[in-house]
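In: sequence first, predicted coordinates after that:
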Amino acid sequence: MSEQIVLQKQDLTYLNWAKVRNSSGTAGTFLKAYSELAGKKTYYKLSDYDSLKGIIGHEGVNEIIVDRLLSLLNIEHLSYRLTYADIILNGRVCTAYVCSSEDFKQKGEDKTALDTYYELEHTDGESALDFCIRQGWEKYIYEMLVTDFIVLNRDRHGANIEVLRNKKKKTIRLAPLFDHGLSLLFSVKENLSQLEKTDVMEDKRIQCYVGSGSAYENLKLIPKEKLPDFRIPTEKELDTVFEDVDKIIPAALCMKIREMISGRLKYYEDFRNKK
């Protein structure tokens, strides 16, 4: 998994960055860019950015951690890469870890946010969850709810689930799970003094378009017989999730994130077996 993190500095100064407001409501912004080579698009994003302090977040690291974890759990998701690179911000060269991913749309597909598609196609009184079940997306949604519990994703709004349609072939599907930056301990940022006080099992308020504001309550939306049944990773397997991560973020933060994932995996295993 080490190829997902490129520690040797690369040159990405050709990218043009655009500001995107932080949807969590915090003060920073996220900067995004894309490149296209031989018809192949690659999308890039930076962690939370402050015009005075520079990069203040580690959301890009979270993407890699969750990517690797979902690979172990065999849950379909978008793959990411994290690259240490020279970039140009505000007309000056600086270095940062750049998170990148390839376009998940197949040829002929267009994309629509789930909330937009729901507003167009749902029946009277039909909830977003029931709508997704009627569309045949039940397994996907239940795996998403479990994933978002384990990593405490606070930002699963209606545009962070995308519907992909090929009108010519008359196919429709949901995009692989993506955008896990605002999960885990993203709010700690550089203030490591918060770590000792951090309860990794806390039920923090979340956004979830198809569920509630509680990751715990969202697990209860899944019928017992349809709870995703995956093998809990061993400690050795979890080692691979964090390979090279402690070279980017402090070791104490890395250990706390691991504690969070292990604790929530254990909670879900008990929940699945006892419900």
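Out: Everything's here; your move.

In: by residue count, which helix of this structure is the longest?
Out: helix 251-274 (DSSP state H).

In: report all helices and strands that that one contacts.
Out: helix 59-73, helix 138-150, helix 235-241 (3 or more C-beta pairs under 8 Å, 6 or more residues apart in numbering; DSSP states H and E). C-beta coordinates here come from the backbone N, C-alpha and C atoms, glycine included.

In: mind redoing it with 7 Å?
Out: Under the contact definition 3 or more C-beta pairs under 7 Å, 6 or more residues apart in numbering; DSSP states H and E, helix 251-274 sits against helix 138-150.

In: residues of the helix it packs on that come out buried?
Out: When burial is assessed from 16 or more other C-beta atoms under 10 Å, helix 138-150 yields the following buried residues: 140-150.

In: state the mean pLDDT of the longest helix of the chain.
Out: Averaging pLDDT along helix 251-274 gives 95.

In: and if you look at stretch 51-64?
Out: Rounded mean pLDDT across stretch 51-64 is 89.

In: coming back round to it: hmm, who's touching the longest helix of the chain?
Out: 65, 69, 146, 149-150, 184-185, 188, 192, 195, 198, 200-201, 219, 227, 232, 238, 242, 245-246 (C-beta atoms under 7 Å, 6 or more residues apart in numbering).

In: tell me the one of the buried residues of helix 138-150 nearest residue 170?
Out: Proximity of the buried residues of helix 138-150 to residue 170 (C-beta to C-beta) peaks at residue 140, which lies at 19.4 Å.

In: residue 221 versus the closest one, what's the distance?
Out: 14 Å (C-beta to C-beta, to the nearest Å).

In: what about the residue of the chain positioned farthest from its centre, which helix or strand?
Out: Distance to the chain centre peaks in the chain at residue 124, reaching 31.2 Å (criterion: C-alpha atoms, centre = their mean). Assigned by DSSP states H and E, residue 124 belongs to neither a helix nor a strand.

In: so what's the backbone phi/psi at it?
Out: phi -60, psi 130 (degrees, to the nearest 10).

In: ok, now how distant is residue 91 from residue 270?
Out: For residue 91 relative to residue 270 (C-beta to C-beta), the value is 53 Å.

In: so which of these two has more stuff around it?
Out: Per other C-beta atoms under 10 Å, whichever of residue 91 and residue 270 has more neighbours is residue 270, with 10 against 5.

In: check which residues of stretch 88-103 are buried.
Out: 96-101.

In: how about the CA coordinates for that stretch, as PDB?
Out: C-alpha atoms of stretch 88-103 as PDB (Å, rounded to 0.1, in the frame of the first residue of the first chain):
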ATOM      1  CA  ILE A  88       1.700  27.300  -6.400                       C
ATOM      2  CA  LEU A  89      -0.600  29.100  -4.000                       C
ATOM      3  CA  ASN A  90      -1.200  32.800  -4.200                       C
ATOM      4  CA  GLY A  91       1.600  33.200  -6.800                       C
ATOM      5  CA  ARG A  92       4.200  31.500  -4.600                       C
ATOM      6  CA  VAL A  93       5.800  28.100  -4.600                       C
ATOM      7  CA  CYS A  94       5.200  26.000  -1.500                       C
ATOM      8  CA  THR A  95       5.100  22.400  -0.500                       C
ATOM      9  CA  ALA A  96       2.100  20.400   0.600                       C
ATOM     10  CA  TYR A  97       0.600  16.900   0.500                       C
ATOM     11  CA  VAL A  98      -1.800  16.700  -2.400                       C
ATOM     12  CA  CYS A  99      -4.600  14.200  -2.500                       C
ATOM     13  CA  SER A 100      -5.600  12.900  -5.900                       C
ATOM     14  CA  SER A 101      -8.100  10.500  -7.500                       C
ATOM     15  CA  GLU A 102      -9.100   9.400 -10.900                       C
ATOM     16  CA  ASP A 103     -12.500  10.200 -12.500                       C
END
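
In: much appreciated, bye for now.
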